[in-house]
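Asker: give the three-dimensional model of this entry:
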Amino acid sequence: MKRKVILLTLAMFCLVVSARGEQKLSDQFPYKYEANVLPSAEIPAYTYVSSVGTLESEYATANNGILKLDSDSDGADNDSAWYSMTGGTGTSWNAGPAGPFTIEVRIRSLPNNSGTYNAWFQWNDENSAILLQVWHNKVYLNSIEVTGLDNHSTFHTFRIVSDSYSASVDQKFDLYRDGVLIINDAPNIANYSGSKFEFGDMTGSAESNVEIDYIRWDDSNAWEPVTPGESAGYPYRYEADVLPSAGSPNYTYSSSVSTLESEYAIANNGILKLDSDTDGQDSDSAWYTLAGGNGTVWNPAAVGPFTIEVRMKSFPNNSGAYNAWFQWFDINSSILLQVWHDKVYLNTILVTGLDNKSDFHTFRIVSDAYAASADQRFDLYRDGILIINDAPNFADFSGAKFRFGDMTGFEESNVEIDYIRWDDGNAWLPPSCGIAGYLQADFNKDCVVNIEDVATLAQSWLLSTNPDSVFYVDCSDPANLDICK
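Answerer: Purely as a prediction, here's the structure:
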């Protein structure tokens with residue numbers, strides 16, 4: 001009976017995984033426009049076009065990695081301007097006649113004088129066409145419209161995923177907003193001559209006023225977005241591939257007692273090792289600092305919301321005192337997270353009786369958004385479980401920054417950090433394992449369905465059939481009838 005159960009479950013696992021499709025972050029796509037320069041100065045270059053003679057300098061500016069397109073500056077509904085990139089063989093847009101491909105745009109769409117549509121993105125190949133329109137309060141994809149959205153308060157990510165069919169007339173397109181499916185199977189629309197990609201204000205009768213963070217695409221693969229709330233999809237990440245001082249953006253290394261960085265930090269195989277305890281003395285001190293504020297990767301609103309996640313392992317040290325200090329400031333609030341090998345502290349609240357040394361654990365801080373920073377609260381999740389609720393804000397600090405390490409000198413640190421990830425514009429609860437349909441096969445509860453879940457399932461089955469295991473299930477015992485079914 002147990003053998004039948006395992007075979008049936010493995011079959012279900014394979015079906016669920018194939019139905020979901022593979023996920024990938026857009027920063028791994030082969031083609032990207034990151035808004036560091038005007039599209040006309042990008043490689044490959046986009047051609048600037050205006051049907052009414054609007055100068056590019058009057059329409060577009062690129063500053064701090066954001067492209068601003070505004071055809072609404074004079075309050076008249078007669079301006080028109082856009083960018084066009086030719087596609088086809090040998091270009092960066094050469095999608096197959098029937099897919100698959102993926103396109104992602106991160107954008108903020110502001111209300112305009114006419115209140116009508118704000119941005120027009122259009123991709124064509126010789127067999128299909130995609131028309132995405134983003135207003136400040138709704139979105140349209142190939143004849144399907146979704147209303148009641150707020151696309152103007154902050155940036156949002158729109159991902160188009162193309163299905164792959166034998167004929168382009170059958171082709172369908174899905175649209176995800178911030179990782180959530182909002183349009184399913186939008187149809188193909190009238191074919192266009194040639195292959196190209198255009199975006200901007202291409203009507204002249206309704207103005208556009210948008211800010212674009214990036215446009216990224218893979219013209220050969222259909223990639224679903226990373227599960228909403230999963231930190232791998234956050235816009236800012238330190239993945240410990242290099243020392244923080246060598247990262248992008250780079251952190252500033254500091255030490256109050258002239259400890260060399262090479263004596264304190266090592267980055268190897270995607271793990272950052274910080275050890276100020278090597279000499280057995282409680283006098284070392286070293287840390288990393290990342291400046292925040294406008295134009296940086298740490299620029300939360302004065303009262304949130306934002307999310308920060310750290311995956312780490314914290315070892316005992318010679319003094320047995322705290323091991324790691326993570327501190328985030330903006331001009332209105334401050335967060336202090338301290339992780340020992342056996343406890344954790346967040347803004348005056350201490351949780352003891354933890355084992356943070358035997359394995360890596362994930363600590364996620366989720367900020368509430370309040371009318372005033374004095375009322376702001378912070379929740380702390382350890383491996384997806386809420387352990388601190390509504391930790392208070394405390395003393396404001398001047399300026400915005402993030403720093404981590406050993407910043408006291410009288411108590412040493414000895415930690416391994418897998419990553420630090422943050423989203424300074426959204427509050428994300430941890431992903432919920434085993435609730436969404438495609439996560440029913442998430443047997444190891446890491447919110448990702450992959451081959452590791454097969455290993456977990458197989459191991460569980462082996463343990464349950466081993467009479468020497470505490471997990472053994474005797475299926476000849478009527479008391480275990482429900483389990484053995």
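Asker: bridged to Ser109, which residues?
Answerer: Counting by DSSP bridges, Ser109 is bridged to Val210.
Asker: and the pLDDT for it?
Answerer: pLDDT for Ser109: 87.
Asker: surely Gly233 is in contact with Thr227?
Answerer: Yes: proximity of Gly233 to Thr227 meets the contact threshold set by Cβ atoms under 8 Å, at 7.5 Å. Every C-beta, even on glycine, is put in place using the N, C-alpha and C of the backbone.
Asker: what touches both of those two?
Answerer: Residues touching both Gly233 and Thr227 comprise Gly179, with contact defined as Cβ atoms under 8 Å, 6 or more residues apart in numbering.
Asker: ok, now how distant is Pro305 from Glu211?
Answerer: Using Cβ to Cβ, to the nearest Å, we find Pro305 at a distance of 20 Å from Glu211.
Asker: what do you get for Asn137?
Answerer: Distance, Asn137 to Glu211, using Cβ to Cβ: 16 Å.
Asker: and these two? Which one has more around it.
Answerer: Glu211 (20 against 14; other Cβ atoms under 10 Å).
Asker: quick check: the gap between the more buried one and Ile107.
Answerer: For Glu211, the distance to Ile107 (Cβ to Cβ) stands at 7 Å.
Asker: now the common contact residues for the two.
Answerer: When contacts are counted by Cβ under 8 Å, 6+ apart, the set common to Glu211 and Ile107 consists of Phe155.
Asker: what residues of stretch 151-158 count as buried?
Answerer: By neighbour count on 16 or more other Cβ atoms under 10 Å, the buried set for stretch 151-158 is 151-152, 155-158.
Asker: right, and the helix or strand after the worst-scoring helix or strand of the chain on mean pLDDT?
Answerer: Scoring the helices and strands of the chain by mean pLDDT, DSSP states H and E places helix 2-20 at the bottom, with a mean of 33. Beyond helix 2-20 on the C-terminal side, the first helix or strand identified by DSSP states H and E is strand 31-33.
Asker: show residues contacting that next one.
Answerer: With Cβ under 8 Å, 6+ apart, strand 31-33 has contacts from 26, 39, 42, 46, 92-93, 214-219.
Asker: how much space separates Asn426 from Tyr236?
Answerer: Counting by Cβ to Cβ, the gap from Asn426 to Tyr236 is 12 Å.
Asker: which one of the two has more residues nearby?
Answerer: Asn426 (22 against 17).
Asker: give the contact list for that one.
Answerer: 154, 178, 305-307.
Asker: go again with 7 Å.
Answerer: 305, 307 (Cβ atoms under 7 Å, 6 or more residues apart in numbering).
Asker: could you check the pLDDT of the residue lying closest to Lys138 once chain neighbours are set aside?
Answerer: The shortest distance from Lys138 to any non-neighbouring residue, by Cβ to Cβ, 6 or more residues apart in numbering, is to Thr147 (4.3 Å). Per-residue pLDDT puts Thr147 at 89.
Asker: what do you get for Asn450?
Answerer: Note for Asn450: predicted pLDDT of 61.
Asker: so Ile107 belongs to a strand, correct?
Answerer: Yes: according to DSSP: H, G, I helix; E, B strand; the rest coil, Ile107 belongs to a strand.
Asker: quick check: the gap between the closest residue to it other than its chain neighbours and Arg106.
Answerer: Using Cβ to Cβ, 6+ apart and skipping residues adjacent in sequence, the residue nearest Ile107 is Ile212, 5.1 Å away. Here Ile212 is placed at a distance of 7 Å from Arg106 (Cβ to Cβ).
Asker: next one: phi and psi at the nearest residue to Phe315 once chain neighbours are set aside?
Answerer: Once flanking residues are discounted, Phe315 sits nearest to Asn414: 4.4 Å by Cβ to Cβ, 6+ apart. For Asn414, the backbone dihedrals (degrees, to the nearest 10) come out as phi -150, psi 90.
Asker: wouldn't Asn414 be in contact with Lys273 here?
Answerer: No: counting by Cβ atoms under 7 Å, Asn414 does not reach Lys273; the two are 8.5 Å apart.
Asker: neighbours around Val344, how many?
Answerer: Each residue near Val344 was counted by other Cβ under 10 Å, and the total is 23.
Asker: tell me the strands beside the helix or strand that it is a member of, with direction?
Answerer: Applying DSSP H and E as the criterion places Val344 in strand 343-346. Using DSSP bridges, strand 343-346 pairs in its sheet with strand 334-339 (antiparallel), strand 349-352 (antiparallel).
Asker: so which of the ones you listed comes closest to Asp474?
Answerer: Across the strands paired with strand 343-346, Asp474 has its closest neighbour in strand 349-352 (38.6 Å, Cβ to Cβ).
Asker: dump the one helix or strand Phe197 maps to to CSV, restricted to CA.
Answerer: Using DSSP H and E, Phe197 sits within strand 196-201. Output of strand 196-201 as CSV, limited to C-alpha atoms (Å, rounded to 0.1, in the frame of the first residue of the first chain):
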residue,chain,number,x,y,z
LYS,A,196,9.8,45.6,-34.2
PHE,A,197,9.2,46.9,-30.7
GLU,A,198,7.8,50.3,-30.0
PHE,A,199,6.9,52.2,-26.8
GLY,A,200,5.8,55.7,-25.8
ASP,A,201,2.8,57.9,-26.8
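Asker: just checking, what packs against that strand?
Answerer: When contacts are defined as 3 or more Cβ pairs under 7 Å, 6 or more residues apart in numbering; DSSP states H and E, strand 196-201 packs onto strand 81-86, strand 119-124.
Asker: quick one: average pLDDT of that strand?
Answerer: 79.
Asker: now the angle from that strand to strand 81-86?
Answerer: 170 degrees (axes from the mean of the first three to the mean of the last three Cα atoms, to 10 degrees).
Asker: which parts of strand 196-201 are buried?
Answerer: For strand 196-201, burial by neighbour count (16+ other Cβ under 10 Å) applies to 196-201.
Asker: also stretch 260-276?
Answerer: Those would be 264-265, 267, 271-276, for stretch 260-276 by 16+ other Cβ under 10 Å.
Asker: which of those sit farthest apart?
Answerer: Within the buried residues of stretch 260-276, two members stand farthest from each other by Cβ to Cβ: Ile271 and Ser276, at 16.8 Å.
Asker: the nearest residue to Pro430 once chain neighbours are set aside and Ala232: what is the separation?
Answerer: Once flanking residues are discounted, Pro430 sits nearest to Gly384: 4.1 Å by Cβ to Cβ, 6+ apart. Remark: distance between Gly384 and Ala232 (Cβ to Cβ) = 14 Å.
Asker: angle of the host helix or strand of Val415 against strand 334-339?
Answerer: Assigning secondary structure by DSSP H and E places Val415 in strand 414-423. Counting by the same axes, to 10 degrees, strand 414-423 lies at 140 degrees to strand 334-339.
Asker: for Phe402, grab the count of nearby residues.
Answerer: Using other Cβ under 10 Å, Phe402 has 25 neighbouring residues.
Asker: wait, it touches Leu290, no?
Answerer: Yes: applying Cβ under 7 Å, one finds Phe402 in contact with Leu290, separated by 4.7 Å.
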